[in-house]
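Undergrad: Fold the stuff below for me.
(one chain, ligands or ions: 1)
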Amino acid sequence: MDEKRFRQLAERLAHQYPDSVTLPLPPGCAVLVPDWLTPGKAETLMAHCLDTLEWDQPSVRLFGRQYPIPRRHAFIGDAGVRYRWSGLEQHPQPWTAPLKDVRDRLFEAGFAFNSILINHYRSGADGMGWHADNERELGDSPVVATISLGQPRRLSFRVRQGAGREVLELPSGSLLLTSGAVQHHWQHQVAKSRRPLAGRISLTFRYIHSNL
Ligand SMILES: O=C(O)CCC(=O)C(=O)O
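TA: Sure thing, here's the model as predicted:
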């Protein structure tokens with residue numbers, strides 16, 4: 001989706017949710033809707049994910065050695081969608097009714113997705129290092145929608161070239177939309193923390209072109 005269309009749709013959404021915040025990440029931007037899910041819905045959805053999904057903690061190769069990723073994850077998607085990520089080939093679990101409802105709601109807002117990479121940060125010892133969601137299968141201009149459940153965590157951004165840095169706190173029930181240009185010009189991370197933090201789940205909706 002191009003930047004112009006993203007901004008039109010994001011503006012329409014921000015109009016419906018007056019607490020929305022737009023963060024410029026030039027030449028793209030991110031839009032945070034803090035109250036997209038009610039606290040009750042966020043809690044129920046988190047329990048649903050913990051109870052019903054198949055969670056995995058695969059190892060990835062770093063500097064010649066295998067390390068388990070510092071979090072658990074689950075991959076949900078339409079039949080036939082495949083996602084290669086850090087050398088791992090992901091085959092999707094089928095949609096559950098509550099996750100499909102969330103996807104339908106995003107679709108009504110103009111954002112179409114065919115999969116979710118779901119992350120479970122069990123405590124502050126779990127995190128995700130600097131990276132961009134720019135795998136070939138995500139296409140040229142990948143919009144990502146992230147719904148946060150549970151413990152608020154900080155999502156940091158750093159510009160690839162230059163000194164720009166931004167941080168957003170992602171509360172439970174929030175929706176964060178990032179435009180395609182963000183993945184080309186910025187990296188993001190969820191840093192580990194020494195503070196005693198409760199569990200958090202992030203639902204990161206993506207559109208994967210498995211034939212690319
Ligand atoms: O947990 C988050 O909010 C960020 C997740 C993320 O960066 C990813 O799944 O690529």
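Undergrad: which stretch of helix or strand covers the residue of the chain found nearest the ligand?
TA: Shortest the chain-to-the ligand distance, computed as CB to the nearest ligand atom: residue-wise this is S202, at 3.2 Å. For every residue, glycine as well, the C-beta is placed using N, CA and C. Element membership for S202 (DSSP states H and E) is strand 200-206.
Undergrad: Could you give the separation of that strand from the chain centroid?
TA: In terms of CA atoms, centre = their mean, to the nearest Å, the centre of strand 200-206 is set 4 Å apart from its chain centre.
Undergrad: now for that strand, which elements pack on it?
TA: Contacts defined by 3 or more CB pairs under 8 Å, 6 or more residues apart in numbering; DSSP states H and E place strand 200-206 against helix 39-52, helix 97-108, strand 115-121, strand 144-150.
Undergrad: Need the residues that contact the longest one.
TA: Helix 39-52 is contacted from outside by 37, 74, 96, 98-99, 102, 118, 120, 149-150, 172-173, 199, 201, 203, using CB atoms under 8 Å, 6 or more residues apart in numbering.
Undergrad: let's go with 6 Å and repeat that
TA: Counting by CB atoms under 6 Å, 6 or more residues apart in numbering, the neighbours of helix 39-52 from elsewhere in the structure are 96, 98, 149-150, 172-173, 201.
Undergrad: what's the following helix or strand after it?
TA: The next secondary structure element downstream of helix 39-52 (using DSSP H and E) turns out to be strand 59-62.
Undergrad: can you tell if that following strand touches the ligand?
TA: No: counting by CB under 6 Å from any ligand atom, the ligand is not contacted by strand 59-62; separation bottoms out at 13.3 Å.
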